[in-house]
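*Asks:* Mind looking at a prediction? Sequence and model below.
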Amino acid sequence: MSPRVDELLEAAVDAYEDVIGRACDLQRTLAHALPHGPARSLLTATADLTRDIGAVQLSGVRWLLDS
């Protein structure tokens, strides 16, 4: 691929990584604001799941871009 396309793809991957991080932070912030333990646990678990799914997706995309 051309250097310009590579730069655009890297920027898109970096932006996606930032969105995933912000989504996790938002879920954790909301979890800390809730008064009920089960709801806090559920939101914390979904934040972890979002982080893990995003990490797998990003790893796969970066692997494809490097090959």
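*Replies:* Right, received. Where do you want to start? All figures in this text were calculated on a predicted structure; none of them were measured in a lab. Numbers count the residues shown, from 1 in each chain.
*Asks:* Quick one: the helices in the chain, in order.
*Replies:* 3-33, 37-66 (DSSP state H).
*Asks:* Including mean neighbour count and mean pLDDT, could the ones you listed go into a markdown table?
*Replies:* Any C-beta I mention is one placed from the backbone N, CA and C, and that applies to glycine too. Formatted as a markdown table, the helices of the chain follow (neighbours: other CB atoms under 10 Å; pLDDT from 0 to 100):
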| stretch | mean neighbour count | mean pLDDT |
| --- | --- | --- |
| helix 3-33 | 13 | 94 |
| helix 37-66 | 13 | 95 |
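*Asks:* show me what contacts residue 43?
*Replies:* The neighbourhood of residue 43, defined by CB atoms under 8 Å, 6 or more residues apart in numbering, consists of 27-28, 30-31, 34.
*Asks:* and residue 7, how far is that from residue 14?
*Replies:* According to CB to CB, to the nearest Å, residue 7 stands 10 Å off from residue 14.
*Asks:* do residue 40 as well
*Replies:* 30 Å.
*Asks:* Go through the contacts of residue 43 and name the one nearest residue 63.
*Replies:* Closest approach between the contacts of residue 43 and residue 63, by CB to CB: residue 27, at 26.6 Å.
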